[in-house]
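# For reference, the sequence and a predicted model appear below.
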Amino acid sequence: MQQANEELELKVQERTAELQQLNEQLKELNDLKSRVVSMVCHEFRNPLNNISLSVSYLDRYSEQLSAQQKMQYLEDIQANVERMAHMIDDILVIGKVEAKKIEVQPTMLNLVEFCQRLVAELRLTAPQHRIDLKTPGQSIWAQVDEQLLRSILTNILINSVRYSLAESKIQFKIFTQQKQIVFRIKDQGIGIPPEDIPHLFEPFHRGRNVSNIPGTGLGLSVVKKFVDLLQGKIEVNSQIGSGAIFVVCLPFI
C-alpha cells in the first residue's frame, strides 16, 4: 500500500509538472497572439491614415489641384493599398507555416537559370541598381521547391535594393560547398545595427536606422520560416554604413 501510494504521488507530481508546463506554453502563445494583433493594428494605421489624408485632399481641393498633383495622390493611395496587401499576404503565409499547412514540393531545377531569370525580373523593377550575378558555370541542378526559393531570394534582394542607394552594386553569388547550395547576397546599403541582428527574423521587427524607408518587417520572418522548411540555414553579417551580407545554405538534394 505504501509503495502504491508513493508511485501514485510521483505520477501526480509528474502530471502536475506537465500541466504547469503546458499552461506556461499556452500563456506564451496567447501573449504572442496579443503582440501580433497589436503590431498588425499599428502597422495598418499608417497606410490607412495616408490613404484617408490623400482622399481628403482630393475631395477638398479637387478644383485647385493640377492633373499631375491628383495623379500623385492617386499613386500614393495605390502604394499604401499595395503595402497593406503585401502585409496581409505575409501574415497569411506565416500563419500557414505555423499551422504546418505548407508542404515542400521539390522539383529538379537548374539554379543558375533560375537565378538569372530572377535577377532579370528585378532589374526591370529596380533599374537604378546594379545586381551582379556570379555563378560557377552554366548549370547547378538540384531538387528544391521553386516557389519557396523564389520567395526567399526575392525578399532578400528586394531588401538589398530598398536599403541601398541608387547606382550601388548588389553582389549575388551562387555556388556549392560541402554538399550544400550557397546563395550569398551582399549590398552596400545602410547596414543593420548589431543590437537588431538577433531580432531580425522576428515578425514586424525593423532596424532602428531605417528611418522613413517603407517596409513591414515581415519579409525576413517569411524568409527564415521558408529556409527552415527547406532544412537549410541563414546567416547575416552587417556593419552600420557598410551594407549587409545574407548567406542562405540549403542541402544539396
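In hand now; what should we look at? All of these numbers come straight from a predicted model, not from anything done at the bench.
# Break down the stretch 1-150 of the chain into its strands, ranges please.
Ranges of strands in the stretch 1-150 of the chain, per DSSP state E, counting those that start in this stretch, are 107-110, 130-134, 141-144.
# In the chain, where is pLDDT below threshold?
Within the chain, the segments meeting pLDDT under 70 span 1-2, 4-8, 12, 19, 22-23, 25-43, 98-99, 253.
# 80 instead, please
Applying pLDDT under 80 to the chain picks out residues 1-46, 82-101, 203-205, 212-217, 253.
# residues in contact with the most centrally placed residue in it?
In the chain, the residue lying closest to the centroid (CA atoms, centre = their mean) is Gly219, at 1.8 Å. The contact partners of Gly219, by CB atoms under 8 Å, 6 or more residues apart in numbering, come to Asp90, Asn155, Ile158, Asn159. In short, each C-beta sits where N, CA and C put it, glycine included.
# ok, 7 Å please
Residues near Gly219 by CB atoms under 7 Å, 6 or more residues apart in numbering: Asp90, Asn155, Asn159.
# Would you check that the first one makes contact with Leu218?
To tie it back to what came earlier, the one meant is Asp90. Yes. Using CB atoms under 7 Å, Asp90 is in contact with Leu218, at 3.8 Å.
# Please identify which of these two sits among more neighbours.
Between Asp90 and Leu218, Leu218 has the larger neighbour count (other CB atoms under 10 Å), namely 25 against 20.
# Just want to check the distance between that one and Ser238.
According to CB to CB, to the nearest Å, Leu218 stands 19 Å off from Ser238.
# try Leu148
Here the criterion is CB to CB. By it, Leu148 lies 24 Å from Ser238.
# How many residues are close by the closest residue to Gly137 other than its chain neighbours?
Nearest residue to Gly137, sequence neighbours excluded (CB to CB, 6 or more residues apart in numbering): Val112, at 7.0 Å. Val112: 17 surrounding residues under other CB under 10 Å.
# ok, Val112 - contacts?
By CB under 7 Å, 6+ apart, the residues touching Val112 are Thr135, Gly137, Gln138, Ser139, Ile140, Ile174.
# Show me the one in these that has more neighbours than the rest.
If you rank the contacts of Val112 by neighbour count (other CB under 10 Å), Ile174 sits at the top with 21 neighbours.
# wait, is it part of a helix?
No. According to DSSP: H, G, I helix; E, B strand; the rest coil, Ile174 belongs to no helix; its state is strand.
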